[in-house]
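>>> mind looking at a prediction? Sequence and model below.
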Amino acid sequence: MTTSPSAHHPTGADPTPEPPAGTPEPTRSARAHSFNAAAAQYAANRPSYPPALFDTIEDLTGRPLTRTRGADVGAGTGIATALLRARGADVVAVEPGDGMAAQFRRTLPDIPVIRGTGDDLPLADASVDLVTYAQAWHWTDPARAVPEALRVLRPGGALALWWNTDALDVPWIAEAGARVARHFAIDVSAEKRNVDARAADPTGLLDFTRRTVRWSRRVPVDTHLANIGSHSVFLVHGADHTASFLAEEREHLLRAFPDGYVEEVYEVVLLLAGTPA
């Protein structure tokens, strides 16, 4: 969510209060761990991923996901893990957080989840064909996570990273992002800029191919608000500060969408790198 608001959009460009002066910036670790207390909210409201994403992974790897041995790292509540399993992959999940792992087990009791991080994978050498990170690679240290991925991948395997990013050419999404930026004093446009091969692997060990898949979902306003409220920037800024923003945002959205439904439009950015056969 970002870019300048469009003056022609029905939500307008009403100013949103700045955060209190002197508020300390939450640490990266605090943001990474913030999801555990909101795991149920995350599972119920976060967007999924379109079938075309997995078609693209199959096209780029040259192999079907069926019977592929995979590890979904930073699996969270299992949104991507479940989709990989549905495509026929033999997948194990790796998740560091207590709350997220507990929610995963409630949602997907038949899929194994191992506690661990991408910086120190609890997997044997050359044991998987595909390592995936859905919305999770940015919580790793690439200097450690890249060698770990290469260690556990079999020859001819692949590392796939992807993110649902907001479609910034949609006026209401751009305006909503501008309100988030003002309220929380953050640069939400960095989301798009940082999803690239150089940021993913500063060492240059991997040769990433980039693809973008556009998709959307139509959801009630309250589902949309619960979705954005499950992001780390909301979770770490305090309940009162977040609640005041979400209340104002609900009014904005209901003025723009009086039927109470919004169409969230996403561009899934996929980075995929193979290993030598």
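Received, thanks.
>>> what is the neighbour count of the closest residue to Leu253 other than its chain neighbours?
Leaving aside its sequence neighbours, Leu253 sits nearest to Val221 (Cβ to Cβ, 6 or more residues apart in numbering; 4.9 Å). C-beta coordinates here come from the backbone N, C-alpha and C atoms, glycine included. Number of residues near Val221 (other Cβ atoms under 10 Å) recorded here: 18.
>>> how about Val221, what does it touch?
Residues near Val221 by Cβ atoms under 8 Å, 6 or more residues apart in numbering: Arg250, Leu253, Leu254, Phe257, Gly260, Tyr261, Val262.
>>> got it, and Gly76?
Each residue near Gly76 by Cβ under 8 Å, 6+ apart is listed here: Phe35, Ala39, Tyr42, Glu95, Gly97, Met100, Phe104, Ala134, Gln135, Ala136.
>>> so what's the nearest residue to Asn227 once chain neighbours are set aside up against?
If you skip the residues right next to it in sequence, Asn227 has Asn45 as its closest partner in space, 4.3 Å away by Cβ to Cβ, 6+ apart. Asn45 is in contact with Thr223, Ala226, Asn227, Ser230, counting by Cβ under 8 Å, 6+ apart.
>>> what about stretch 95-108, average pLDDT?
On average, the pLDDT along stretch 95-108 is 92.
>>> dump the C-alpha coordinates for that stretch into PDB.
Taking C-alpha atoms only, stretch 95-108 is exported to PDB below (Å, rounded to 0.1, in the frame of the first residue of the first chain):
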ATOM      1  CA  GLU A  95       8.100 -22.300  11.500                       C
ATOM      2  CA  PRO A  96       9.900 -20.600  14.500                       C
ATOM      3  CA  GLY A  97       6.900 -19.000  16.300                       C
ATOM      4  CA  ASP A  98       5.000 -20.700  19.100                       C
ATOM      5  CA  GLY A  99       1.600 -19.100  18.200                       C
ATOM      6  CA  MET A 100       1.900 -19.600  14.500                       C
ATOM      7  CA  ALA A 101       3.000 -23.200  14.800                       C
ATOM      8  CA  ALA A 102       0.100 -23.900  17.200                       C
ATOM      9  CA  GLN A 103      -2.300 -22.400  14.700                       C
ATOM     10  CA  PHE A 104      -0.700 -24.400  11.900                       C
ATOM     11  CA  ARG A 105      -1.200 -27.700  13.800                       C
ATOM     12  CA  ARG A 106      -4.900 -26.800  14.500                       C
ATOM     13  CA  THR A 107      -5.500 -26.000  10.800                       C
ATOM     14  CA  LEU A 108      -3.300 -28.700   9.200                       C
END
